[in-house]
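Chemist: need coordinates for the following:
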Amino acid sequence: MNWNKWARQFHRWLAVTFTVTVIVTFVALAQEEPVLWVSYVPLLPLALLLITGLYLFALPYVAKRRGRQRAAAES
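Modeler: Numbers count the residues shown, from 1 in each chain. Sure thing, here's the model as predicted:
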C-alpha cells in the first residue's frame, strides 16, 4: 500500500473515530454531573483530521506540478 492510499485510509478511520468521540462527548456532558475534561477528547482526532485532510487536499496540485515539470524536462 503506497503512502497516498495509506493516508486516505487513515483519514477515513480518523473520521469514524472523531464521530464516535463527539457522540461520547455529547452523552457525557448531558449527565447530571458532567466531567468537563471529556470535552477535550475529540481534539486529537480533529487535529489529525486537519493534517491528513490538508495533505489529501494538496495531492492533486502537487501531482499536476510534477507532471508539468516532467513534461518540461522531456521536451
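Chemist: where is the longest helix in this structure?
Modeler: helix 43-74 (DSSP state H).
Chemist: OK, contacts around the residue nearest to the spatial centre of the chain?
Modeler: Centroid check for the chain by Cα atoms, centre = their mean gives Leu49 as the closest residue, at 2.1 Å. The contact partners of Leu49, taken as Cβ atoms under 8 Å, 6 or more residues apart in numbering, are 11, 14-15, 18. Every residue, glycine included, has its C-beta placed from N, CA and C.
Chemist: quick one: buried ones out of these?
Modeler: For those, a neighbour count by 16 or more other Cβ atoms under 10 Å gives the buried set as 11, 14, 18.
Chemist: in JSON lines: those residues, plus distance to Gly53.
Modeler: Below are the buried ones among the contacts of Leu49 laid out as JSON lines (distance: Cβ to Cβ, whole Å):
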{"residue": "His11", "distance to Gly53": "6"}
{"residue": "Leu14", "distance to Gly53": "9"}
{"residue": "Phe18", "distance to Gly53": "11"}
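Chemist: in helices, which of those residues fall?
Modeler: Filtering those for helices - DSSP H - leaves 11, 14, 18.
Chemist: what's the burial count for Glu33?
Modeler: For Glu33, the neighbour count with other Cβ atoms under 10 Å is 4.
Chemist: let's have the chain start at 2 instead
Modeler: Taking 2 as the first residue, the last one we looked at is Glu34.
Chemist: next up, the contacts around Thr18.
Modeler: Thr18 sits in contact with Pro46, where contact means Cβ under 8 Å, 6+ apart.
Chemist: buried ones in stretch 16-28?
Modeler: The neighbour-count criterion (16+ other Cβ under 10 Å) identifies 18-19, 22, 26 as the buried residues of stretch 16-28.
Chemist: my bad, should have said stretch 52-66
Modeler: Within stretch 52-66, the residues scored as buried using 16+ other Cβ under 10 Å are 53, 56.
Chemist: can I get it in PDB, CA atoms only?
Modeler: Output of stretch 52-66 as PDB, limited to C-alpha atoms (Å, rounded to 0.1, in the frame of the first residue of the first chain):
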ATOM      1  CA  ILE A  52      -3.300  17.300   8.900                       C
ATOM      2  CA  THR A  53      -4.300  14.400   6.800                       C
ATOM      3  CA  GLY A  54      -7.100  16.400   5.100                       C
ATOM      4  CA  LEU A  55      -4.600  19.200   4.100                       C
ATOM      5  CA  TYR A  56      -2.300  16.500   2.700                       C
ATOM      6  CA  LEU A  57      -5.100  14.900   0.700                       C
ATOM      7  CA  PHE A  58      -6.200  18.300  -0.500                       C
ATOM      8  CA  ALA A  59      -2.700  19.200  -1.800                       C
ATOM      9  CA  LEU A  60      -2.100  15.900  -3.600                       C
ATOM     10  CA  PRO A  61      -3.700  16.800  -6.900                       C
ATOM     11  CA  TYR A  62      -1.900  20.200  -7.100                       C
ATOM     12  CA  VAL A  63       1.400  18.600  -6.300                       C
ATOM     13  CA  ALA A  64       0.800  15.900  -8.900                       C
ATOM     14  CA  LYS A  65      -0.100  18.500 -11.500                       C
ATOM     15  CA  ARG A  66       3.000  20.500 -10.800                       C
END
